[in-house]
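> dropping a prediction and its sequence here:
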Amino acid sequence: MENFIKSIFKTIFSIVFCFPSLFGAFLGSKDPDIDFKRALHEQGIDFIGSVVYHLDANLLGGIKTGVVNQGLIDLGLLFHSEKILHYPGGELFVNFQAHVGKNPSFTLTGDLLIFDGMSAPDFVQASEFWYKQKIQGFSCKIGRVSANLELGFTENAQLFINNAYEALPFLAGYPIYPSAVPGAIFRYDWGKELGLKLGLFNGQESLFAYTRIYPFGIWRDFFKNLLVMAEVDTHFNHRGRLAAGFSYNNTEIFLATGASQKIKYTGYFIGEYNFFDKYCCFVQGGLGNTTVLLFPHYLGLGVQIKQLLPIELENQLALGLASGFFTTKAPEEFGIKGSEISLEATYVLNWGSCTIQPDFQYIIRPGGAGLPNALAFVLNIEVAL
């Protein structure tokens, strides 16, 4: 199965790079890649794509030192109804993803916050497919959706590679990569200052995302496993943002005792502020059901510094801390206690369509069960298509 996925991955990789050039050559363009995207855009279709490679290494502590490799192809088409069908506000999105590589947290460091957010089982899948309709300040998105750009989103945390800043570990069932889920997102924006959001999802699928992928989603038992998320956010002074939200997940999960219990309520907050358009800070936190969740409490904070070096290329430095607090109700024989903390320093250099990002993380108490502190390194190389 692994070899089959790798062969598909290589085939897609070849097509991704060859097709735009062939299309551009057909048009007689000197810059085929640009004309390929421009020709689609003029017809009301936006092409979005990237090829990403991660070198993951554990340099110290954890389970063992070593290196693993991961790769991801991410391709999407966004269709605009106004140009195609001559009515405004409609969007149809189809996203394809292929991933190959082992999870370095499971094999090298033993951390449970997942120090590389690309980590996933090997898969080839239609990740997202949804339709969105916007009418003035109201919008509705329905299909197989990812929530991370709509709910629980922290803009100033996007450079960090540790999964905690994006996945928010206390939000069990939260639908993000690698597992978008069947659902709907309703949103109302009151000008640019206030946003009200409501999400309804299958709260079961994302619980298994790091061990199993459902290529087209789990559509059955939607209401039985209903995850409801609601959020309000407000922008102020054109520099800051505050958001608060809660969720209720009706999904039952099995506990270490052998019993099962619903995940129920979680609550969270996000604060962001930009100083002098150069220093972009954030803080995020949340709490949930201590009986069910591994990390019922979480705190993350950090800062991004734009144009750290005075060079022509766009570059940024980001420093962050992510801390997941283990439940105090875990069985004693598991030995899990205290908190797992990741101290992260990452530097991003953009050169045209290519991004190069070295990332270091010092992980304190990985897994919370006696493993030595780990020093992890990630080299992220991304080419936008």
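Arrived safely. Worth saying up front: this structure is predicted, and the values here are computed from it rather than measured.
> list the contacts for the residue nearest to Gly267 when sequence neighbours are not counted?
Using CB to CB, 6 or more residues apart in numbering and skipping residues adjacent in sequence, the residue nearest Gly267 is Phe246, 4.6 Å away. C-beta coordinates here come from the backbone N, C-alpha and C atoms, glycine included. Residues in contact with Phe246 (CB atoms under 8 Å, 6 or more residues apart in numbering) are Met229, Ala230, Tyr265, Thr266, Gly267, Tyr268.
> okay, those residues in TSV with pLDDT next?
Output for the contacts of Phe246, formatted as TSV (pLDDT from 0 to 100):
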residue	pLDDT
Met229	97
Ala230	98
Tyr265	94
Thr266	95
Gly267	97
Tyr268	97
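> out of these, who's nearest Gly335?
If you rank those by distance to Gly335 using CB to CB, Thr266 comes first, at 25.1 Å.
> what's the local residue count around the closest one?
When counting by other CB atoms under 10 Å, one arrives at 25 neighbours for Thr266.
> likewise Ser81?
Around Ser81 there are 18 residues (other CB under 10 Å).
> give me phi/psi at it?
In terms of degrees, to the nearest 10, the main-chain angles of Ser81 are phi -70, psi -30.
> how close does it sit to Lys197?
22 Å (CB to CB, to the nearest Å).
> who's in contact with Gly117?
Ile161, Asn162, Asn163, Glu166, Ala167, Tyr177.
> tell me the helix or strand right after the helix or strand harbouring the residue nearest to Gly267.
Taking DSSP states H and E as the criterion, Phe246 maps to strand 240-254. Using DSSP H and E, the helix or strand that follows strand 240-254 in sequence is strand 260-275.
> so that following strand versus strand 240-254, what angle?
In terms of direction (axes from the mean of the first three to the mean of the last three CA atoms, to 10 degrees), strand 260-275 departs from strand 240-254 by 160 degrees.
> partner strands of strand 260-275 and their direction?
For strand 260-275, the paired strands and their directions (DSSP bridges) are strand 240-254 (antiparallel), strand 279-288 (antiparallel).
> from the chain's centre, how far out does the shortest one sit?
From the chain centre to the centre of strand 279-288 is a distance of 16 Å (CA atoms, centre = their mean, to the nearest Å).
> what mean pLDDT does that strand get?
Mean pLDDT, strand 279-288: 97.
> now do stretch 91-109
Across stretch 91-109, the average pLDDT comes to 96.
> could you do stretch 116-127 as well?
For stretch 116-127, mean pLDDT rounds to 95.
> next: stretch 292-311.
Mean pLDDT, computed over stretch 292-311, is 95.
> list the buried ones in it?
For stretch 292-311, a neighbour-count test (16 or more other CB atoms under 10 Å) marks 292-302, 304, 306 as buried.
> doesn't His41 fall inside a strand?
No: using DSSP: H, G, I helix; E, B strand; the rest coil, the assignment for His41 is helix, not a strand.
> check contacts around it.
Taking CB under 8 Å, 6+ apart, we find His41 in contact with Phe47.
> circling back to that earlier point, what is the nearest of the buried residues of stretch 292-311 to Gly367?
Leu294 (10.2 Å).
> Pro372 versus that closest one, what's the distance?
Applying CB to CB, the value for Leu294 to Pro372 is 20 Å.
> so where do the helices sit in the protein?
Secondary structure of the chain by DSSP state H: the helices cover 2-27, 32-42, 81-84, 104, 164-167.
> for Tyr131, report the pLDDT, please.
Looking at Tyr131, its pLDDT is 98.
> for Ser339, same thing?
Confidence score, pLDDT, at Ser339: 94.
> that one touches Ala322, doesn't it?
No: between Ser339 and Ala322 there is no contact under CB atoms under 8 Å: 10.2 Å.
> these two - which one has more neighbours?
Taking neighbours as other CB under 10 Å, Ser339 and Ala322 compare with Ala322 leading, 27 against 15.
> hey, what's that one bridged with?
Gly300, Ser342.
> mind listing what it touches?
Contacts for Ala322 (CB under 8 Å, 6+ apart) come out as Leu113, Phe160, Asn162, Ala164, Tyr165, Tyr298, Leu299, Gly300, Ile341, Ser342, Glu344.
> over to Gly44?
Gly44 makes contact with Phe79, His80, Ser81, Glu82, Lys83, Ile84, according to CB under 8 Å, 6+ apart.
> partners of His99 in the sheet?
In beta-bridge terms (that is, DSSP bridges), His99 pairs with Leu72, Phe123.
> which one of the contacts of Gly117 is nearest Arg365?
For the contacts of Gly117, the nearest to Arg365 is Asn162 (14.7 Å; CB to CB).
> alright, calling it a day.
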